[in-house]
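Asker: Structure here, sequence nowhere to be found:
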């Protein structure tokens, strides 16, 4: 019996898979940051590039001597890539070179509104798309997968519309900005209202109900994550790097975002790359059923991974939801031939 127990232990150790995350959320505020994430952050190499209009943009590269493939992460609205340092580290330790950059108007890239610099401003959503294309030109010799969150997902999907030759192997999007909630207004009212406000010269003003970022906003008022520990970690990052965090959107940004998301959702057939779409069901920023419908309209090109119970920001969610999302991402990177529609219970 002793020999059998030893053989069982050996088999267990050989078959055991590495956990998808490097640490539980409870370690973020202590040794997790000091011993793991802060040293990893220091290995990042700045990557500067210019948008089509000459705007200087700031990015980062985390090299990996073992890597033959790269993952380019695109953050969401108002977010710096720094917010997702835990995610970037988890992917890096799985053998990928990591790339990212801060979208124009946010993070460490230049602000676009002189009269309202704390806001997220934008005249044309197409500028975000051309920024992505410019960044990808730097990595033509690499096999690059795009992993994107929210607004970053809409940018990624817009970039691969009608462009089968774009140097991207795989597109993975979480809660892409294609089915925007516009509470307290219906979407048609929000579109008309912001268009009117832009037309009368208020494009750089905060959109109705929006305003500056509140650095003291309590966890209970946040709608992105159900993890108080990861929310506290983000707040600590924002206190350490306040220049990278910004406030709410302008009227012009909302007008441009609604127009772009509507166009992409209306004509998904133009998307030429395979897509894996993570859809959290408790999303307060996008409408899950609409996203599922968009993915279905892509037919065999889209695989939906539904996360019951998760909020919008799955990569900074509680361990329960975050681990499921990471597992889905890693499986998609390794095996892009999975069934188009799959629901994770």
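Answerer: Received, thanks. What you see is a predicted model, and the numbers here were worked out from it, not measured in a lab. Numbers count the residues shown, from 1 in each chain.
Asker: got any ranges where this protein has weak pLDDT?
Answerer: Low-confidence segments of the chain (pLDDT under 70): 1-18, 162-165, 336-345.
Asker: centroid residue for it?
Answerer: Nearest to the centroid of the C-alpha atoms of the chain, with distances taken as CA atoms, centre = their mean, sits residue 149, at 2.0 Å.
Asker: Let me see the contact set for it.
Answerer: Taking CB atoms under 8 Å, 6 or more residues apart in numbering, we find residue 149 in contact with 73, 74, 75, 76, 79, 84, 173, 174, 175, 313, 315. Backbone N, C-alpha and C define where each C-beta goes, glycine included.
Asker: Compute the distance between residue 215 and residue 70, please.
Answerer: 34 Å (CB to CB, to the nearest Å).
Asker: More neighbours: which of the two?
Answerer: A count of neighbours by other CB atoms under 10 Å puts residue 70 above the other of residue 215 and residue 70, at 21 against 10.
Asker: Phi first, then psi, for the residue nearest to the centre of the chain.
Answerer: Main-chain torsions, residue 149, degrees, to the nearest 10: phi -120, psi 130.
Asker: Could you number the chain from 50 rather than 1 from now on?
Answerer: Got it, the first residue is 50 from now on, which makes the last one we talked about residue 198.
Asker: what pairs with it across the strands?
Answerer: residue 223 (DSSP bridges).
Asker: quick one: contacts for residue 312?
Answerer: Going by CB under 8 Å, 6+ apart, the list of residues near residue 312 is empty.
Asker: Surely it is in a strand?
Answerer: No: using DSSP: H, G, I helix; E, B strand; the rest coil, the assignment for residue 312 is helix, not a strand.
Asker: Quick one: the strands in the protein, in order.
Answerer: Using DSSP state E, the strands of the chain run over residues 94-99, 105-111, 118-123, 146-150, 192-198, 219-223, 324-329, 351-356, 390-392.
Asker: which one of those lies closest to residue 235?
Answerer: With CB to CB, the closest approach to residue 235 among the strands of the chain belongs to strand 324-329: 22.0 Å.
Asker: what's that closest one packed up against?
Answerer: strand 219-223, helix 337-346, strand 351-356, helix 368-383 (3 or more CB pairs under 8 Å, 6 or more residues apart in numbering; DSSP states H and E).
Asker: next one: stretch 327-341 to chain centre, how far?
Answerer: 14 Å (CA atoms, centre = their mean, to the nearest Å).
Asker: What residues sit buried inside it?
Answerer: Within stretch 327-341, the residues that count as buried by 16 or more other CB atoms under 10 Å are 327, 328, 329, 332, 334, 335, 336, 337, 340, 341.
Asker: residue contacts, the fourth one?
Answerer: Taking CB under 8 Å, 6+ apart, we find residue 332 in contact with 224, 230, 360, 361.
Asker: nearest residue to the second one other than its sequence neighbours?
Answerer: Right, residue 230. residue 334 (5.7 Å; CB to CB, 6 or more residues apart in numbering).
Asker: what residues are up against the one you found?
Answerer: Each residue near residue 334 by CB under 8 Å, 6+ apart is listed here: 199, 224, 229, 230, 272, 273, 361.
Asker: Using CSV, lay out the residues you listed together with distance to residue 312.
Answerer: Output for the contacts of residue 334, formatted as CSV (distance: CB to CB, whole Å):
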residue, distance to residue 312
199, 17
224, 18
229, 13
230, 18
272, 26
273, 25
361, 22
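Asker: okay, among those, which ones form the most distant pair?
Answerer: 229 and 273 (14.6 Å).
Asker: Next, count neighbours for residue 85.
Answerer: A total of 18 residues lie near residue 85 under the criterion other CB under 10 Å.
Asker: Touching, it and residue 138? I think so.
Answerer: Yes: here residue 85 lies in contact with residue 138, judged by CB atoms under 8 Å, at a distance of 6.8 Å.
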